[in-house]
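>>> this is a predicted model, with the sequence first.
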Amino acid sequence: MKNPTRIVKLIGSLLVAFVANVPAFAQNPRLQIKNLEKLSSKAAEVVDVTLDESMLKLAAKFMAAEKDEDEAEVRELIKDLKGLYVKSFEFDKEGEYSAEDVEAIRSQLAAPGWTKVVGVRSRRDGDVSEVYLMTDSQTRNVLGLAILAADPETLTVVNIVGPIDLEKLSALEGKMGIPRLDLEKGKTSQKQAASHDEKK
């Protein structure tokens, strides 16, 4: 070994670089939703969308040929995305999915980096709509988004990997496999609740 000191310093530098980058590796906006596939056999209707970066770029090219303003807005939203994943199940009766199925997704959204930005819950109907953003801990840039929507007869998980503008997210509702989730209604409800709390 010609220069052991140099090698030790090099290894030390590599370890420092690795440790410094651990938070970046840990912040993965891609959710694991394959565990929900078992629900397909029970569901009357299933929506399953898996679009990686190359497929999204291809979709954007097709949309570029359209003159429609809505298509242009969607194209603008997806052009920088790394992935779009949807699992949605509609059942003929209640009780076809369990609380554990929902918690398997929600537990991932409790990981560092994820923040709930919209939460709407109805005890009367059993409806739940939640929107989460993952942001970079240093730059605060948006890394991804997740939507969890459930009622007694439906369960939907949407996972968007890459930068997304929450204010324009409603443009994707009803397109590319993403169901209509009344996100604008949810944001309005949250703002009203915040305003009500400030007045107290």
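Happy to help now that I have it. Numbers count the residues shown, from 1 in each chain.

>>> please make it C-alpha for all contacts and neighbour counts, starting now.
Will do.

>>> what about the strands in the chain?
45-52, 83-90, 114-122, 127-135, 142-151, 154-161 (DSSP state E).

>>> shaky segments in the protein?
By pLDDT under 70, the weakly predicted segments of the chain are 1-26, 64-68, 166, 169-170, 174-177, 179-200.

>>> show me where it has helices.
Listed in chain order, the helices of the chain (DSSP state H) span 4-26, 53-64, 69-78, 99-106, 183-199.

>>> name the residues of the shortest one that come out as buried.
Judged by neighbour count (16 or more other Cα atoms under 10 Å), helix 99-106 contains these buried residues: 102, 105, 106.

>>> same thing with the second one?
Neighbour-count burial for helix 53-64, counted by 16+ other Cα under 10 Å, picks out 53, 56, 57, 59, 60, 63.

>>> so what's the fourth one up against?
By that I understand residue 59. The contact partners of residue 59, taken as Cα atoms under 8 Å, 6 or more residues apart in numbering, number zero.

>>> same question for the last one.
Under the criterion of Cα under 8 Å, 6+ apart, the neighbours of residue 63 are 71, 72, 75.

>>> how near is it to residue 165?
19 Å (Cα to Cα, to the nearest Å).

>>> do residue 96 as well
33 Å.

>>> which one of the two is surrounded by more residues?
residue 96 (16 against 11; other Cα atoms under 10 Å).

>>> excluding chain neighbours, what is closest to the residue nearest the centre of the chain?
With distances taken as Cα atoms, centre = their mean, the residue of the chain nearest its centroid is residue 146 (2.0 Å). Closest residue in space to residue 146, ignoring its immediate chain neighbours: residue 159 at 4.5 Å, by Cα to Cα, 6 or more residues apart in numbering.

>>> contacting residues around that neighbour?
Contacts of residue 159 by Cα under 8 Å, 6+ apart are 29, 30, 31, 84, 85, 86, 144, 145, 146, 147.

>>> nearest to residue 127, of these?
residue 147 (13.4 Å; Cα to Cα).

>>> separation between the nearest residue to residue 71 once chain neighbours are set aside and residue 83?
Among residues not flanking residue 71 along the chain, residue 63 sits closest, at 6.0 Å (Cα to Cα, 6+ apart). From residue 63 across to residue 83, the span is 17 Å (Cα to Cα).

>>> check residue 106 too.
Going from residue 106 to residue 83 by Cα to Cα gives 20 Å.

>>> all good on my end, thank you.
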